[in-house]
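Colleague: Take this sequence and fold it.
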Amino acid sequence: SALSGASGTSSADGALAIAVDLGTTTIALELLDPGSRATLASGSLLNGQRRFGADVLSRVKAATEGFAGELRDQARLDILAGIAHLLADAGVSGSRVERVTVAGNTVMDHLFLGLSAGGLAASPFTPEATRFPPARFADVFGSASGGGEIADGVKLISPDCPVFVVPCVGAFIGGDIVAGIAALGLRSESGAELFIDLGTNAEMALAWNGTIRCASAAAGPAFE
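Modeller: Predicted coordinates for the structure are as follows:
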């Protein structure tokens, strides 16, 4: 899928970071300069896993029916394609990338990392993991083969570049809303605050009286 987005200009030759929002329907990416806090390029593309189903439970079903490897590779190839476009748009070398962080809902994280999604198929919906150790770029993306679709710039990213996956809370409260809570500094110091991530798997967090309560619902059918 073609990547759509915008790009800026790097003002330094320092280390860069890539942020990835691995959504059920859309994958959004940003190339960031942590030193200047500037966004050098951004864009999004459709998640190629959609051929296995539009919602997370369809993806889980496909994974348990023998397509887990294809789902994993598709997510990785999509992210690599997105990174290639970011680097090309910003006109920077992949050798400057020193961190990649991925945030997604719990199912997307499991499929991306190649973890078993079987526990998410039925009640009590138990994920294999909610916290994920950092991994090397080569270990995560080295097995994905994009051929000519992946630009040479991605190959310049160090194989030791760390890839972080934002931790999840539970089966359907994922790292995407955790990242949002952290980015917004969600607190309850001036009354109740409600944060809504309105995606195919819609999640929300209510901060009130010193606590944060989360819930989720399948919003995909409403959009359709």
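
Colleague: Heading C-terminal from the lengthiest helix in the chain, find the next helix or strand.
Modeller: The longest helix of the chain (DSSP state H) is helix 68-90. Where DSSP states H and E defines the elements, the next helix or strand beyond helix 68-90 is strand 97-104.

Colleague: which outside residues touch that following strand?
Modeller: 15-23, 79, 83, 87, 109, 112, 137, 157-158, 161-166, 174-176, 178-179 (CB atoms under 8 Å, 6 or more residues apart in numbering). C-beta: built from backbone N, CA, C; applies to glycine.

Colleague: let's go with 7 Å and repeat that
Modeller: Contacts of strand 97-104 from elsewhere in the structure, counted by CB atoms under 7 Å, 6 or more residues apart in numbering, are 15-23, 112, 137, 157, 161-166, 174-176, 179.

Colleague: Over to stretch 112-127?
Modeller: With contacts defined as CB under 7 Å, 6+ apart, stretch 112-127 is touched by 22, 60-61, 63-64, 68, 72, 75-76, 102, 104, 106-107, 110-111, 128-129, 132, 165, 168, 171.

Colleague: let's see 8 Å
Modeller: Under CB under 8 Å, 6+ apart, the answer for stretch 112-127 is 22, 56-57, 59-61, 63-64, 68-69, 72, 75-76, 79, 102, 104, 106-107, 109-111, 128-129, 132, 140, 165, 168, 170-172.

Colleague: Show only the entries of the residues you listed found in strands.
Modeller: Counted as lying in strands by DSSP state E, out of the contacts of stretch 112-127, are 22, 102, 104, 165.

Colleague: How much space separates the third one from Thr24?
Modeller: So that's Gly104. Separation of Gly104 from Thr24 (CB to CB, to the nearest Å): 8 Å.
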